[in-house]
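Enquirer: Pasted the sequence and its predicted model underneath.
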Amino acid sequence: MPDSMIPQDARDVTLGEYLAARGVSRRAFLKFACSLASLMALPPSVGTAMAEAMAKARRPSVLWFPFQECTGCTESITRSHTPTIEAMIFDMISLDYHETLMAAAGHQSEAAREQAMKENAGKYLLLIDGSVATGLEGAYSCIGGQTNLSWLTEAAKGAAAIVAVGTCASYGGIPKANPNPTGARAVSDIIKDKPIVNIPGCPPIPVVLTGVLAHFLTFGTLPELDPLGRPKAFFGETIHDRCYRRPFYDQGRFAKTFDDEGARNGWCLYELGCKGPVTYNSCATVKWNGGTSFPIQSGHGCLGCSEPDFWDKGSFYRPLSVGQWGNAATLGGAAAVGVALGAAAAYAARRRQDKIAKGD
Amino acid sequence: MDLLTFARGPGLFWAVTIFVIGVLWKLVGVVLLRAKPDLSVARKPSAWTGLRLILTRTWPRREFLQSTAYTEVLGYTFHIGFFVALAFYLPHILFFEDVFRGLIGVNFQGVFGVSWPYFSGGVIYFSGAVAFAALIALLIHRIASPVKRLISNFDDYFSWLVTIAPLATGMLAFSHVGAPYQTLIAVHLLSVELLLVWFPFGKLMHTFTVFLSRGTQGMQFERKGATL
Amino acid sequence: MSPADVNTEHPLELEAPRFSVKKPAVRHDKQGEVPDAERVKRAMQNFVKDFGRTAAIYMESCVHCGNCAEACHYYVTTGNPKYTPIWKIEPFKQAYKREYGPFAWFYRTLNLKSAVSVERLEEWQELIYDSCTVCGRCSLICPMGIDIASLVTLARHGMSKAGLVPHELWAVAERGEKEGSPLGATPKVFKERIEWLVDDYEVEIPLDKAQAEVMCAMSSIEIMKYPESIVATAKIMKHVGADWTFRLDGYEATNFGLLSGNAEWQREMSMKLINAAIACGAKTLILPECGHAYGALRWMGANVYGKPLPFRVLHIAEFLAEHVKSGRLKLNKIGKSVTFHDPCQISRRGGAIEAPREVLTALGVELREMEPGKGLNWCCGGGGGVVTIHRADPLRYRVFQLKMNQIDETGAELPVTSCSNCRQTFDDGQAHFKWDKTMNSLLEMVADNLEEEAA
């Protein structure tokens, strides 16, 4: 729910009071906190601690800057047909700037942003989605006449931490795909002196963002990250490791087309280009749309959308084991070169023999 | 560029290219050397039947079997295990079919009517493990046997290494052991690329020269009626 | 080079029953006073001259499996890995890769294989000569089908040009080149022998006929040691009614040019026979009981001549077999058990495996095969020039034990062969071990059992 719909004094309400006012029982909230904790592979006792901390938490100021993005991340995270607790928590953070959701526009929205930055200096959470355009000194992507690049460097100074939401912000995403005309870069390419969490995915799974926020609210720190800056709790395993079709991979049962017997039997989609083995995300366990399904379950291979440069790794339908060996022309050329070199070597050898025979 | 993208991209491209150039350079460079015709009167009407040596020399003669059994059995165990793991594992087959299709323009199934058969991962792993064990046993023999120790050189040991590496890294990748899968699979691909790059320059070329040398002896001996 | 060029540190025993060096010990024999660098240069040049497609294919294909050792009588009887057949040509292979193969440039620029040194060649002298009879068993065991034996023959060319041949072998070859026979069976001596054989045995031995259908050759070993072979040949020729002759301008079947590796001498020795056969218009040239003579002329002759030979070349055993089939050769039956020792160059390498057996069958013997037999039979250990190298005797005697065991195991009364060098090796081995069996000549056995025509 947009921030302006909440009465001014509601900003001083704790999360626990807020949820109670919405009819969420303490028991339900506790259950939610425990399930969140277990999802993040934290011990059960932490669930209770999390519930207590979150209940007492004041709403942190959050600024959400959209850069070169498609708004899919926002769509994913805010999509809910029934109000979920994630959605409510999301509402409960003091979302002081979000262009899509906020009612204000133009100069008023920019004034709100500057005020929030000043008032919460050093304490606000900066959420970025979309990549940062750096071409033409950033002119490819501007808001209110200012480049995203300058917004980012400005806002990062006062941020407690930065959350890069979606693959674009985490690694550059689709705008960065070859030939990268706008000079798109990841947030972590620009900002080097602040803690950054990457939550990749195109789009990311909603509960991942919630989990990171909950962790932050509870512990005041960001969760443990992998070498690519992703929370290990959600990005520690590959799709392949948790895929329900894995037994078929092991047995050697593969679908060959999207409509053959294998596909209809729900066999492994490796041959159809699934990048599950090299993609780290929680799609196979948490799934999408409240646990309804995920791409593989719906019959399409994983695109690897939470990995850097996933758009530039060849066709989505080219299996993982099929590398770029060249083509008939390059191999033909190589063959011609080989034959020529062999003939030259044989010629040189024959000449040598003749020279020796003459010298005798 | 991360390791896996390199291994699936320029690494593979250059490895395959160098492989093709090198193999042809070696083969053409040998086949175009001077060959004097044999002017003696042949005992047999046609020397071409001597090409059967290519098949018959596949297994030692009865008289030699006992003394060469160890090397022959282990050698074949390795070759067959390696071949099964290479040629009947779907991820590998997809690559070969892609090359086939890229070079000929038609699907494998389109040409042969049947799709390329494959075994489950477990069978392949077993086959690879057997090949691996055979290679270890062969290395031990190479070091322990006075004959082999004397005649072995860098080529023998390095070729052994680049052959066992894909087996070892393949098994590691398959079992997801030791590093993130991306790294394991990238290392496996790189080990294959190393094998391809080394191939034309060492004894791995016997893959092709075996036909030339057995064929040559077969034809030369057959025309004399000599023992094959 | 003359005998004077031979290194005088190791004087030759010219008068002794077996021509040898006075003190055979580990030595690296050299011919001529030539600086080492020059020796190596000559060796390399001549190696390169010999590299061709066939040799290249063979040398590219070796996978160092070591199986060849198991086929070699030298390795099998001593267990010494230096006798591994493919190891015997290692400097040859080294030179090939460095000087001639498709990647030779890399080998030289990156020094992947060092240049062959004179020390290496000296060290290899005993492997290329003393311990290889070019028997060819290794070629049959090799999984890659490499004809290792032929590579040894080629390697000897370079060694010979470099003056790195074992003394006695070089000396007999030189004698053969100068005098026409390695063992002193000069044309004059041959003629004299024929004359007293004619007298002693009352047999016709045509010599220097202007025209003849068949020209026969003889080996010096037979002329000097087993002159009954000459008589046997004459008897058989008469029996089958052949129009034949010996020729003083071409009678020596042995070819020590081939054995020592001197390609020019090999050619000259072969050309004597070829020219003589052409001169008398012979349709058939018959080679005597000698192994390498068969290889030299039947298979290498035309290539040395440069054109197809205008006559057939037969080993005497093949000639006999033909006449068994034609019915012209009528033989008495010998009711004894016999085992046949296959001379390597005639059977395994030459292809005439069945001919001697057809003759033995016609002789009505009980033929017992050795194990292994026929084309896989063990070498006597004296071929390829080895029997001339005195320092190699201890090795040769060890190998000979294989043959004695083989023959004893058949339980046959009579061992028979059709190569006089094998025969000589067996005689020497028999004396050394005081063995109870004497090797017989197939030719003489046939001559002794010709069915007499009714008067």
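Expert: That came through fine. A quick note: this is a predicted structure, and the numbers were derived from the prediction, not measured. Numbers count the residues shown, from 1 in each chain, chains lettered A, B, ... in the order given.

Enquirer: alpha carbons only for contacts and neighbour counts from here, please
Expert: OK.

Enquirer: Point to the helix or strand of the chain where mean pLDDT is at its lowest.
Expert: Answering for chain A, as no chain was given. None of the helices or strands of chain A scores lower by mean pLDDT, DSSP states H and E than helix A:85-92, at a mean of 58.

Enquirer: think we crossed wires, I meant chain C
Expert: Every helix and strand of chain C was ranked by mean pLDDT, DSSP H and E. The lowest is strand C:20-21, at a mean of 66.

Enquirer: And chain A, is whichever helix or strand comes after that one touching that?
Expert: Proceeding N to C from strand C:20-21, the next assigned helix or strand is helix C:36-50, under DSSP states H and E. Yes: looking at helix C:36-50 against chain A by Cα under 8 Å from any Cα of the partner chain, the contacts come from C:45, C:48-49.

Enquirer: next one: phi and psi at the most centrally placed residue in chain C?
Expert: Central residue check for chain C by Cα atoms, centre = their mean: the C-alpha nearest the mean position is that of C:H292, 3.0 Å away. The phi/psi pair for C:H292 (degrees, to the nearest 10) reads phi -70, psi -20.

Enquirer: so who does it touch?
Expert: C:254-255, C:345-346, C:383-384 (Cα atoms under 8 Å, 6 or more residues apart in numbering or on different chains).

Enquirer: Mind doing that once more with 7 Å?
Expert: Taking Cα atoms under 7 Å, 6 or more residues apart in numbering or on different chains, we find C:H292 in contact with C:Q345.

Enquirer: Please report how far it lies from chain A.
Expert: Relative to chain A, C:H292 is positioned 27 Å away (criterion: Cα to the nearest Cα, to the nearest Å).

Enquirer: swap in C:Q211?
Expert: 39 Å.

Enquirer: Up against chain C, what does chain B have?
Expert: Taking Cα under 7 Å from any Cα of the partner chain as the criterion, chain B approaches chain C at residues B:25-26, B:29-31, B:33-35, B:38-40, B:57-58, B:60, B:63-64, B:67-68, B:146-148, B:150-152, B:203, B:206, B:209-210, B:212-214, B:217, B:224-228.

Enquirer: Please repeat the previous calculation with a cut-off of 6 Å.
Expert: B:26, B:29, B:33-35, B:39-40, B:57, B:146-148, B:203, B:206, B:209-210, B:213-214, B:217, B:224-227 (Cα under 6 Å from any Cα of the partner chain).

Enquirer: Show me where chain C has its strands.
Expert: C:12-13, C:20-21, C:214-216, C:244-245, C:284-287, C:312-315, C:337-341, C:366-367, C:414-417, C:440-441 (DSSP state E).

Enquirer: possible to save those as JSON lines with mean neighbour count and distance to chain A?
Expert: What follows is the strands of chain C, written out as JSON lines (neighbours: other Cα atoms under 10 Å in any protein chain shown; distance: least, Cα to the nearest Cα, whole Å):
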{"stretch": "strand C:12-13", "mean neighbour count": "17", "distance to chain A": "31"}
{"stretch": "strand C:20-21", "mean neighbour count": "21", "distance to chain A": "32"}
{"stretch": "strand C:214-216", "mean neighbour count": "27", "distance to chain A": "35"}
{"stretch": "strand C:244-245", "mean neighbour count": "25", "distance to chain A": "39"}
{"stretch": "strand C:284-287", "mean neighbour count": "25", "distance to chain A": "32"}
{"stretch": "strand C:312-315", "mean neighbour count": "21", "distance to chain A": "30"}
{"stretch": "strand C:337-341", "mean neighbour count": "23", "distance to chain A": "41"}
{"stretch": "strand C:366-367", "mean neighbour count": "17", "distance to chain A": "50"}
{"stretch": "strand C:414-417", "mean neighbour count": "21", "distance to chain A": "41"}
{"stretch": "strand C:440-441", "mean neighbour count": "20", "distance to chain A": "43"}
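
Enquirer: In chain B, where's the longest helix?
Expert: In chain B, taking DSSP state H as the definition, the longest helix is helix B:62-87.

Enquirer: Is that helix positioned near chain A?
Expert: No: against chain A, helix B:62-87 shows no contacts by Cα under 6 Å from any Cα, the least distance being 12.3 Å.

Enquirer: helices or strands up against the helix or strand where A:A55 lies?
Expert: Secondary structure assigned from DSSP H and E places A:A55 in helix A:44-56. Applying 3 or more Cα pairs under 6 Å, 6 or more residues apart in numbering or on different chains; DSSP states H and E, one finds that helix A:44-56 contacts helix A:26-39, helix A:206-219.

Enquirer: continuing past the least confident helix or strand of chain A, what's the next helix or strand?
Expert: Where DSSP H and E defines the elements, the next helix or strand beyond helix A:85-92 is strand A:94-98.

Enquirer: quick check: mean pLDDT across that next one?
Expert: The pLDDT scores in strand A:94-98 average 74.

Enquirer: Restrict the helix or strand just after that strand to CA atoms and write it as PDB.
Expert: With elements assigned by DSSP H and E, the helix or strand that comes after strand A:94-98 is helix A:106-119. Provided in PDB are the C-alpha atoms of helix A:106-119 (Å, rounded to 0.1, in the frame of the first residue of the first chain):
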ATOM      1  CA  GLY A 106       7.500  15.800 -10.300                       C
ATOM      2  CA  HIS A 107       9.000  18.300  -8.000                       C
ATOM      3  CA  GLN A 108       7.100  17.200  -5.000                       C
ATOM      4  CA  SER A 109       8.400  13.700  -5.200                       C
ATOM      5  CA  GLU A 110      11.900  14.900  -5.600                       C
ATOM      6  CA  ALA A 111      11.500  17.200  -2.600                       C
ATOM      7  CA  ALA A 112      10.200  14.200  -0.600                       C
ATOM      8  CA  ARG A 113      13.300  12.300  -1.600                       C
ATOM      9  CA  GLU A 114      15.700  15.000  -0.600                       C
ATOM     10  CA  GLN A 115      14.000  15.500   2.700                       C
ATOM     11  CA  ALA A 116      14.100  11.800   3.600                       C
ATOM     12  CA  MET A 117      17.700  11.600   2.700                       C
ATOM     13  CA  LYS A 118      18.500  14.500   5.000                       C
ATOM     14  CA  GLU A 119      16.400  13.400   7.900                       C
END
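
Enquirer: Before I go, just wanted to say thanks for your time.
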